[in-house]
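Asker: Take a look and give me a structure for this.
(4 chains)
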Number of protein chains: 2
Amino acid sequence: MVGIREIAKRANVSISTASYAMNGSSKVKPETRNRILAIAAELNYIPNMAGRILKKQKTNLVGVYLTNYGGAFYGELVSGIHEFLHQHHYDVIICSGERAHVFIPEKMIDGAIILDSTFSTETIVEYANRGHQMVVLDRELTQKNICSVRLNNQQGALEAVTQLNKAHSHKIYLVSGPSETYDSNARLHAAIRYLTENNSPYEIIAGDFSKKSGRAAARYILAKQEKMCGVFCLNDEMAIGMYSVFQKSTWQIGKDISIIGFDNIEVSHYLKPRLATIDYSKTEWGEKAAQKLFSMMNGEPTTDELIDVHLKGGESIGDF
Amino acid sequence: MVGIREIAKRANVSISTASYAMNGSSKVKPETRNRILAIAAELNYIPNMAGRILKKQKTNLVGVYLTNYGGAFYGELVSGIHEFLHQHHYDVIICSGERAHVFIPEKMIDGAIILDSTFSTETIVEYANRGHQMVVLDRELTQKNICSVRLNNQQGALEAVTQLNKAHSHKIYLVSGPSETYDSNARLHAAIRYLTENNSPYEIIAGDFSKKSGRAAARYILAKQEKMCGVFCLNDEMAIGMYSVFQKSTWQIGKDISIIGFDNIEVSHYLKPRLATIDYSKTEWGEKAAQKLFSMMNGEPTTDELIDVHLKGGESIGDF
DNA sequence: CTGTTAGCGCATTCAC
DNA sequence: GTGAATGCGCTAACAG
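Answerer: The predicted structure follows:
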């Protein structure tokens, strides 16, 4: 492997001069620099990352922690992150699995963006206390070295139940996500509050954000044999599961029952009838997160931020 | 930041003894080891990755290069890779963008798995010649340090056109992907060969694997006003685009026209009528790729491999 | 069993 | 403008 010392030797300069030349320091005569660069190019010299990191104590790498790559909207989210950070000379790597958590204290990355409910808040706080900087997308967490960029769950839930309430005098079902996730709880809480204030009957069905739990919820509702009710699925995935069950039944979505989801993931574009859902820009979310992390890494003060969401109508709530 | 020398000092041992203790060498008395480990834990010691990498010349990291994270089936593919490599003490990071290519010669990762047609074969070969090991999923490439794990495109294309040919005496359209991609060419070639041998009329429509090009192809076909023809979309994405156009027309998919896709991505499960497509296990693909890379990194000989594919029927080809 | 020591590849401070 | 020397944090060969 050809290292910097080899370059220096061939160019008849010292190692430091070679290094200066590579890094574009003005301390080297243009003539000398060009000669060195030419030799480096010729020998296909590529600096070793570990060496540089060790010296500079900076990797220019940001880690994005996601639970499962299959996740419905990670693509756009990551694009947003990527685009911003690239512009600011950072590279982005996607990490998943608990073992990758250690990249943070190991100083393999300069900062992290986390959307992974299996990443314990305890660990995150511990890392923050060690001085590592993170942006969390899936929880509220106010502390030094941590910044939170969340969806406006409250607004979304409110729009959803308001719409369902307008359409149905009957009961409204709320299909929740895992009880330990922030997003589920925030949406559920806002929905319940609204329904309570309006004396609207509702029932909570425990789900876990998976299609399977959506199917289970649908079967539960069917068994009640009470048509003309509304369902707020706290994410689209569950709504999709619901569809598959209702479509095998005699109930018609958008007529006998109204459904609203959350996330506006791509798959739901292809459902018939079109699923009404709470939409937001995944790209913006990623970009904002990246911005915040960048600011933190530059020692600038940051504040938490909410991403706007809005109801995207669809035939699944009929014509109300 | 607390380093190994700090631990050593507090434990009244030398740096090397501390290091041995951490790495579980049998050269250290259990008693001493425990004392050292206790102190390390107390000080929240976490070894610095750059230091270790620099010394060991090994990162235990594998990079997976993907074009766009939104890609329809990356989730399962990556799970397959992850699962295998994790078991063998490697961590996996997902990379994208040209700038990340340099991780390979920089020795930031011990090996790479590539499914990214924007990653030039030239560069890959150059890296291989430098001694870096890679598994490519989207091209044929036989050379030292490179192993290829591809889909059995030929078999898939053959099954698709055979099925279409059975159903239609009329023309068969082949909607291609970008002309520079291996998968598109392989599928196209196999399909053409079969059709030529059987004297079946066909026409190629140039696409680029995007929904948009699928829509364009559909409009082109509609304009011909010749029903009862078959379409082999070289991927599902384009088939989905086609659906949206035909469904706004008077033509009925599966009746006036037959469509077969390739990939069996999740979205196509929700199309009505169900899209017939060429299916394969994405997880198996990832796992095989990981296996091959692991073998290479251990200096074992490897051979290229093909992943089995098979036709998954659907209503989009009617009842033939 | 434990300590001393020499790098891994690079960037940078300080002399010249 | 250039070179020699130092250290980043860690491992492992070698000596004790």
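Asker: for chain A, what spans make up the strands?
Answerer: Secondary structure of chain A (DSSP state E): strands located at A:61-66, A:91-95, A:111-115, A:133-136, A:146-151, A:172-175, A:202-205, A:229-233, A:257-262, A:276-279, A:305-307, A:310-312.
Asker: Quick one: closest of these to DNA strand D.
Answerer: Proximity to DNA strand D (Cβ to the nearest atom of the strand) singles out strand A:61-66 among these, at 16.5 Å. The way it works is simple: take the backbone N, C-alpha and C, and place the C-beta from them, glycine included.
Asker: neighbours of the nearest residue to residue A:53 once chain neighbours are set aside, just the number please.
Answerer: Distances taken as Cβ to Cβ, 6 or more residues apart in numbering or on different chains place residue B:50 nearest to residue A:53, at 4.0 Å, with adjacent residues excluded. When neighbours are defined as other Cβ atoms under 10 Å in any protein chain shown, residue B:50 has 22 of them.
Asker: DNA strand C contacts on the stretch 51-200 of chain A?
Answerer: Residues of the stretch 51-200 of chain A found near DNA strand C (Cβ under 7 Å from any atom of the strand) are A:51, A:52, A:54, A:55, A:56.
Asker: Could you check how far stretch A:145-158 is from the centre of its chain?
Answerer: How far stretch A:145-158 lies from its chain's middle: 12 Å, per Cα atoms, centre = their mean, to the nearest Å.
Asker: near chain B at all, that stretch?
Answerer: No: Stretch A:145-158 is not in contact with chain B by Cβ under 8 Å from any Cβ of the partner chain; minimum separation 14.6 Å.
Asker: pLDDT of that stretch, averaged?
Answerer: Average pLDDT, stretch A:145-158: 98.
Asker: What of stretch A:112-132?
Answerer: On average, stretch A:112-132 scores 96.
Asker: Any idea what the residue positioned nearest the centre of chain A is bridged to?
Answerer: For chain A, residue A:115 is the residue whose C-alpha lies nearest the centre (Cα atoms, centre = their mean; 4.6 Å). Beta-bridge partners for residue A:115, by DSSP bridges, are residue A:66.
Asker: correct me, but residue A:297 touches residue A:112?
Answerer: No: between residue A:297 and residue A:112 there is no contact under Cβ atoms under 8 Å: 10.6 Å.
Asker: what about residue A:248, neighbour count?
Answerer: Neighbours of residue A:248 (other Cβ under 10 Å): 10.
Asker: which residues does the residue lying closest to residue A:150 once chain neighbours are set aside contact?
Answerer: Excluding its sequence neighbours, the residue lying closest to residue A:150 (Cβ to Cβ, 6+ apart) is residue A:306, at 5.9 Å. Listed by Cβ atoms under 8 Å, 6 or more residues apart in numbering or on different chains, the contact set of residue A:306 reads A:149, A:150, A:151, A:152.
Asker: Is there a quick ChimeraX command that grabs whichever of those are buried?
Answerer: With 16 or more other Cβ atoms under 10 Å in any protein chain shown as the criterion, this ChimeraX line picks the buried residues out of the contacts of residue A:306:
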select /A:149,150,151,152
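Asker: Now distance to residue A:243 too, for the contacts of residue A:306, in CSV please.
Answerer: Output for those, formatted as CSV (distance: Cβ to Cβ, whole Å):
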residue, distance to residue A:243
A:149, 31
A:150, 28
A:151, 23
A:152, 26
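Asker: Now do residue A:220: how many residues are near it, please.
Answerer: Neighbour number of residue A:220 under other Cβ under 10 Å is 14.
Asker: That one and residue A:205 touch, don't they?
Answerer: Yes: assessed by Cβ under 8 Å, residue A:220 is found in contact with residue A:205 at 6.0 Å.
Asker: Now restrict the residues of the stretch 51-200 of chain A next to DNA strand C to buried residues only.
Answerer: A:51, A:52, A:54.
Asker: of the residues you listed, closest to DNA strand D?
Answerer: residue A:54 (3.8 Å).
Asker: Could you list everything residue A:230 pairs with in the sheet?
Answerer: Bridge pairing for residue A:230 - DSSP bridges - gives residue A:172, residue A:258.
Asker: returning to that earlier point: list just the nearest of the contacts of residue A:306 to residue A:225.
Answerer: residue A:151 (34.9 Å; Cβ to Cβ).
Asker: What segments of chain A are helices?
Answerer: Remark: helices assigned in chain A by DSSP state H are A:4-11, A:15-22, A:30-42, A:49-56, A:74-87, A:121-129, A:153-167, A:182-197, A:211-224, A:236-246, A:282-297.
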